[in-house]
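S.K.: Coordinates only, no sequence provided:
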């Protein structure tokens, strides 16, 4: 938890030193999160399983950067909306466990309402 708090503090310090909070409303932060997710997807688009495996070896740092950008926006948004993201994740896991019981979902990619 301390590590997460330190990361959030770094993110807020970074933003505040640049006076960017004025631009970080929930809508625009959500858009930025979506755009970063799309940038992550670009690394895998049009590549088959074997190509992806090789691509990751060569481009791992760029993929790490995209994942870090996603985490940046997630932590920023959760901070600004006063959401404890770890508690939210814990709650979501419990919900998913109920929606996807092992006996029905194991080894399947079927959506919960079709199990």
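M.R.: That came in fine, so what should we check first? Being a predicted model, the structure only gives us computed values, none of them experimental. Numbering: from 1, shown residues only.
S.K.: and residue 29, what does it touch?
M.R.: Residues in contact with residue 29 (Cβ atoms under 8 Å, 6 or more residues apart in numbering) are 73, 76, 77, 80. Placement of C-beta: from N, CA and C, glycine included.
S.K.: mind putting those residues in JSON lines, neighbour count included?
M.R.: Formatted as JSON lines, these follow (neighbours: other Cβ atoms under 10 Å):
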{"residue": "73", "neighbour count": "20"}
{"residue": "76", "neighbour count": "21"}
{"residue": "77", "neighbour count": "17"}
{"residue": "80", "neighbour count": "15"}
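S.K.: Quickly list the domain ranges of the protein.
M.R.: Annotated domains of the chain cover 2-82, 84-115 [automatic domain parsing].
S.K.: Pick the most deeply packed of these.
M.R.: domain 2-82 (a mean of 12; mean count of other Cβ atoms under 10 Å).
S.K.: how much space between residue 72 and residue 43?
M.R.: As judged by Cβ to Cβ, to the nearest Å, residue 72 and residue 43 stand 17 Å apart.
S.K.: got it, and residue 4?
M.R.: Going from residue 4 to residue 43 by Cβ to Cβ gives 26 Å.
S.K.: And for residue 16?
M.R.: In terms of Cβ to Cβ, residue 16 sits 31 Å off from residue 43.
S.K.: again with residue 61
M.R.: 11 Å.
S.K.: State the distance spanning the first to the last residue of stretch 13-21.
M.R.: This stretch, stretch 13-21, spans 10 Å end to end (Cα to Cα, to the nearest Å).
S.K.: Contacts for it, please.
M.R.: Contacts to stretch 13-21, defined as Cβ under 8 Å, 6+ apart, come from residues 24, 76.
S.K.: Show me how far it is from its chain's centre.
M.R.: Offset of stretch 13-21 from its chain centre (Cα atoms, centre = their mean, to the nearest Å): 21 Å.
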